[in-house]
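J.: Got a predicted structure here, sequence first:
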Amino acid sequence: MSGLIKQATQKAKIKKINNIPPVDIFVDKILKLDLSVPEKRKIGTQYRELSGLTSGQITYARNRNSYYRKLKNKNHNLRQTVRNKKSKSTEQIKRNWSVNELKEFVKLNTKKTDRQLAEYFKRSIPAINSIRRRINSIAKIIKCDQNYNTEKKKTELIQKNENYLRDLLKNNLKTKQSVDKVAR
């Protein structure tokens, strides 16, 4: 008797699975339902369990839905201007970094995020990223050539242009490779 019950429940599950709409249709229907977010989330979880899809697949389908994109893009200009105001410094004038600022930046580099550093130094996030790229290039240069591992040379290098640092790194890598070949 228990075997018949198992078969009946399996048939019911198979029937449910066959009646499941494709992801796109499900997303379209659930977005237009007038339900609260927790109720929609509960329905989504049940759908995911029945269909065997991952939440990433459902999110992917949702992000391609035209109705959801309209909702998501609503007031995007306002959000973008607020975000830009936060990330840009109050002064739009191009300023050079002083040696003291760069030394302080090196100390705070690992402790703070881009946005925190931008607010602290009153600079833009791209300016912060540029200094971080310089620091990474200097670390690679020092790895190749220990002659640059002094404070004086580090401060000189950090004031240089990124392209100069990249060229210096390439030259150091070439000389290191040629020295390694001779040593073998």
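T.: Done, it's in. Please read these numbers as outputs of a predicted model, since none were measured by experiment.
J.: Tell me, how many residues neighbour Leu168?
T.: A count of nearby residues for Leu168, using other Cβ atoms under 10 Å, gives 19. For glycine as for every other residue, the C-beta is placed from the backbone atoms N, C-alpha and C.
J.: what sits against it?
T.: Counting by Cβ atoms under 8 Å, 6 or more residues apart in numbering, Leu168 touches 141, 157.
J.: How confident was the prediction at Gln177?
T.: Model confidence at Gln177, given as pLDDT, is 68.
J.: what do you get for Leu33?
T.: pLDDT, read off for Leu33, is 79.
J.: Tell me how far the closest residue to it other than its chain neighbours lies from Asp28.
T.: Nearest residue to Leu33, sequence neighbours excluded (Cβ to Cβ, 6 or more residues apart in numbering): Lys40, at 6.7 Å. As judged by Cβ to Cβ, to the nearest Å, Lys40 and Asp28 stand 13 Å apart.
J.: So which of the two has more stuff around it?
T.: Taking neighbours as other Cβ under 10 Å, Lys40 and Asp28 compare with Asp28 leading, 17 against 13.
J.: ok, for that one, nearest residue in space, not its chain neighbours?
T.: Excluding its sequence neighbours, the residue lying closest to Asp28 (Cβ to Cβ, 6+ apart) is Asn65, at 6.1 Å.
J.: so that neighbour touches Asp24, yeah?
T.: Yes - using Cβ atoms under 8 Å, Asn65 is in contact with Asp24, at 7.3 Å.
J.: Between those two, which is the more surrounded one?
T.: Asn65 (18 against 12).
J.: Provide a list of residues in contact with the more buried one.
T.: Going by Cβ under 8 Å, 6+ apart, Asn65 touches 24, 27-28, 31.
J.: out of those residues, which are inside strands?
T.: Assigned to strands by DSSP state E, none of the contacts of Asn65 qualify.
J.: of all those, which comes closest to Leu53?
T.: Val27 (10.9 Å; Cβ to Cβ).
J.: so who does that closest one touch?
T.: 58, 61-62, 65, 68.
J.: No more questions from me, cheers.
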